[in-house]
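Colleague: Build me a structure from this.
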Amino acid sequence: MTYTSFRPGQKWLDTNGRPIQAHGFSVFEKDGTYYWYGENKERTRGGPFNTVWHWGVRCYTSRDLYNWEDRGLIIPPQPDDLQSPLHPTYCVDRPHIIYSETTGKYVAWLKVMSGHTSQSMAIMQADDFLGPYEFVTRIYKPLDMDAGDFALATDPSTGKAYIVFDRPHFELITATLTDDRTAVTGEYSTHYPGRVPPQTREAPAWFERDGINYLFTSGTSGYFANPTTVCSFIDWHGEYTDLGDPCIGDDTRTTFYSQITCVLRVPTTGQYIAMADRWKPGPLGRFGSRHYQRLIERSLQGARGDTFRNPDRSPRTVQPLAGKKLRHPENTSIARYVWLPIEWHGDKPVLRWHDEWRLQEPS
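Modeller: Predicted coordinates for the structure are as follows:
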């Protein structure tokens, strides 16, 4: 079928008629072509015996943002090597790709979790956005810290690049990247400290408007949705101003049962789109999300930030991968997508639910 509008939360098929499999995703634009890439879950079935978390990173391309052509696996899994971070049993999450003007390379960062080991990154690069990608670093800990959900960003005014990541689950870290985008420089700052799960922040999604930087972040409640918070800042390593929940009319306080993963500015119109995963689209997901929201409200009443103790900042030993297949009960292959237009109340971005909507026309 051919799409002429967005239908948030509904099943979305590619131009071959198959469900789009690009979760924990981001969208990259170059010369009028959009690249939607994310976790390929086509072989993830869930259940007590499922050992497949992902099947590589799949990419789709589009010229209109409605209809998407499957371009295949730009980062394939490595199912024959249990020592590879790309083995499908390991939790390869939220791929982000950034371009380095210095090297002319596309650099991919992947969050990797491996059973009992701590969280780290794998870093790859390629000459072309669609690959092939080769490893730069298989196991990398920025600032010798565990690293969870993250975003990569290039400041349009300076050309400097940054990574914003969840240090699970203590605080949000912003670190400056090297010019080749394959490591951090050592310059960093901490944000949202002193919170406790599920109030700690994860899933940062960065965007910029009129010289002001913004971050959407979610709380930590697994695959059950929770309220988003948006903050703004000018200085990457300065003060971040919390602007509260951006969702209007979201009585469940679950970000419309979704988790924002990236924000796209449409070059032809300047319109901003908040893009999200609805990880648990069925009734159980709605019930669980409402349950977690009640837990969050209770924790807000009882939490005391002054009793929070910062984790040890000493360097961490880089641990090997688990070396065994892991079980993953969640069936994330059924997750759907929620794309919503961003409106502006002054300098605050806000979101409203739409059953169906269309892009603005170029002026």
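Colleague: Relative to the whole chain's centre, how far out is stretch 324-338?
Modeller: Here stretch 324-338 is found 15 Å from its chain centre; the criterion is CA atoms, centre = their mean, to the nearest Å.
Colleague: what comes up buried for it?
Modeller: Neighbour-count burial for stretch 324-338 flags 326, 328, 330, 332-338 (criterion: 16 or more other CB atoms under 10 Å). Every C-beta, even on glycine, is put in place using the N, C-alpha and C of the backbone.
Colleague: I'd like the residues you listed laid out as CSV, including secondary structure and distance to residue 118.
Modeller: Listed next are those as CSV, based on DSSP: H, G, I helix; E, B strand; the rest coil; distance: CB to CB, whole Å:
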residue, secondary structure, distance to residue 118
326, coil, 15
328, coil, 18
330, coil, 21
332, helix, 22
333, helix, 27
334, helix, 29
335, coil, 26
336, strand, 31
337, strand, 30
338, strand, 31
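Colleague: Now the two most distant members of those.
Modeller: Using CB to CB, the buried residues of stretch 324-338 span at most 28.4 Å, a distance reached by 326 and 338.
Colleague: Would you point out the helix or strand in the chain whose mean pLDDT is lowest?
Modeller: helix 283-302 (a mean of 75; mean pLDDT, DSSP states H and E).
Colleague: can you list contacts of it?
Modeller: Residues outside helix 283-302 that contact it (CB atoms under 8 Å, 6 or more residues apart in numbering): 196, 198-199, 219, 221-227, 252-254, 257, 278-280.
Colleague: how about low-confidence regions in the protein?
Modeller: The chain contains residues with pLDDT under 70 at 116-117, 299-318.
Colleague: State the helix or strand in which the one residue sitting closest to the centre of it lies.
Modeller: In the chain, the centroid-proximal residue (CA atoms, centre = their mean) is residue 261; its distance is 3.9 Å. Using DSSP states H and E, residue 261 falls within strand 259-265.
Colleague: who does the helix or strand following that strand pair up with?
Modeller: Following strand 259-265 in sequence order, the next helix or strand is strand 272-278 (DSSP H and E). Strand 272-278 has the following sheet partners, assigned by DSSP bridges: strand 259-265 (antiparallel), strand 336-345 (antiparallel).
Colleague: Identify the residues contacting residue 128.
Modeller: residue 106.
Colleague: Report the secondary structure state of it.
Modeller: With DSSP: H, G, I helix; E, B strand; the rest coil as the basis, residue 128 sits in coil.
Colleague: Residue 114 versus that one, what's the distance?
Modeller: Residue 128 sits 29 Å away from residue 114, taking CB to CB, to the nearest Å as the criterion.
Colleague: My read is that residue 148 contacts residue 164, right?
Modeller: No. Between residue 148 and residue 164 there is no contact under CB atoms under 8 Å: 11.0 Å.
Colleague: bridging residues for residue 154?
Modeller: Bridge pairing for residue 154 - DSSP bridges - gives residue 161.
Colleague: For residue 231, see how far away it is.
Modeller: 19 Å.
Colleague: neighbour count winner among these two?
Modeller: residue 231 (20 against 17; other CB atoms under 10 Å).
Colleague: Is the more buried one bridged to anything, and to what?
Modeller: residue 215, residue 242.
Colleague: Would you check that it makes contact with residue 245?
Modeller: No. Between residue 231 and residue 245 there is no contact under CB under 8 Å: 11.5 Å.
Colleague: Roughly how far does residue 221 sit from residue 197?
Modeller: Counting by CB to CB, the separation of residue 221 from residue 197 is 8 Å.
Colleague: Repeat that for residue 136.
Modeller: 32 Å.
Colleague: what does residue 63 give?
Modeller: 42 Å.
Colleague: So the two - more neighbours on which side?
Modeller: Comparing residue 63 with residue 197 by other CB under 10 Å, the one with more neighbours is residue 197, at 16 against 11.
Colleague: could you list every residue that touches the more buried one?
Modeller: Counting by CB under 8 Å, 6+ apart, residue 197 makes contact with 169, 219-220.
Colleague: Kindly recompute the last result at 10 Å.
Modeller: Residues near residue 197 by CB atoms under 10 Å, 6 or more residues apart in numbering: 168-170, 219-221, 295-296, 299, 303.
Colleague: a markdown table for those residues, including distance to residue 286?
Modeller: Shown next, in a markdown table, are the contacts of residue 197 (distance: CB to CB, whole Å):
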| residue | distance to residue 286 |
| --- | --- |
| 168 | 26 |
| 169 | 24 |
| 170 | 29 |
| 219 | 17 |
| 220 | 19 |
| 221 | 13 |
| 295 | 15 |
| 296 | 16 |
| 299 | 21 |
| 303 | 25 |
